[in-house]
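# Using only what follows, build the 3D model:
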Amino acid sequence: MQNAVTQAMSTHWRLLMFQGVVLLLLGLLAFALPVVATLAADIFVGWLFLVGGIAGLVALFSAKDIPAFLWTLVTGALSIAAGVLLVWKPGEGALTLTILLMAFFLTEGIFQIATSIAYRHLEGNSAKWMLVSGLADIVLVVLILLGWPMDAAWTLGVLVAVNLVTSGWAILMAAFAGRRLAHPAEAAAAT
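Next up, the predicted model:
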């Protein structure tokens, strides 16, 4: 596994660098416009629910002999209803989405910390930056809980911004480590 990760990093460091830069730029944009980022995230998730619910109902009525017909019908309808409400009233959905995003960031932070510990032996500081990103996610969750619910109008946008910036930076550091692995002679000459 270690060799596979190292090989993938050295082979695809340019793609990692591109992804890291894009995430950093999107994060800075979300920092500049946190309320807009909150509404955009809310509307985006609303469309995901809406399209997912429609697809679920189409699949349900296209198939024959679905064993959990009622359950599938209810979940598809609820998904459509949630999607319509989030797209139609994005401001009201910001509280609920902020709670869901806090759960996501807490989970992502825990997994990033665990991954950084598991891969701490990798070349460069990529594991350290992944640890920083995971800790930043957990600190964000705590800070949001301290200001809850007054800060919900902009919190979701700031959460998205911080997550994009820290994840982008961690991926960028992994790309630099991958570049050093791909071109060891250049790395030796630079030091």
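
# show me where pLDDT drops low in this protein?
1, 67-68, 123-124, 185-191 (pLDDT under 70).

# how far does the top helix by length along the chain sit from the chain's center?
Scanning the chain for the helix with the most residues, using DSSP state H, yields helix 152-182. Distance, stretch centre to chain centre, for helix 152-182: 9 Å (C-alpha atoms, centre = their mean, to the nearest Å).

# Which elements pack onto it?
Judged by 3 or more C-beta pairs under 8 Å, 6 or more residues apart in numbering; DSSP states H and E, helix 152-182 is in contact with helix 2-11, helix 13-32, helix 34-62, helix 90-118, helix 126-147, helix 184-190. (Each C-beta comes from the backbone N, C-alpha and C, glycine too.)

# Could you pull out the buried residues of the third one?
For helix 34-62, the buried set under the neighbour-count rule, 16 or more other C-beta atoms under 10 Å, comprises 34, 37-43, 45-46, 49-50, 52-53, 56-57, 60.

# Ok, stretch 157-172 next?
For stretch 157-172, the neighbour count (16+ other C-beta under 10 Å) marks 157-172 as buried.

# quick one: which of these is nearest residue 115?
Nearest to residue 115, judged by C-beta to C-beta, of the buried residues of stretch 157-172 is residue 170 at 10.0 Å.

# which ones are touching that closest one?
For residue 170, the residues meeting the contact criterion (C-beta atoms under 8 Å, 6 or more residues apart in numbering) are 20, 112, 126, 129, 130, 132, 133.

# Residue 81 too?
residue 53.

# same question, residue 40
Here residue 40 is in contact with residue 157 (C-beta under 8 Å, 6+ apart).

# Now with 10 Å, please.
Counting by C-beta atoms under 10 Å, 6 or more residues apart in numbering, residue 40 makes contact with 30, 33, 90, 156, 157, 160.

# Residue 164 now?
So residue 164 contacts 22, 23, 24, 25, 26, 27, 28, 29, 30, 31, 37 (C-beta under 10 Å, 6+ apart).

# And for it, nearest residue in space, chain neighbours not counted?
Distances taken as C-beta to C-beta, 6 or more residues apart in numbering place residue 27 nearest to residue 164, at 3.2 Å, with adjacent residues excluded.
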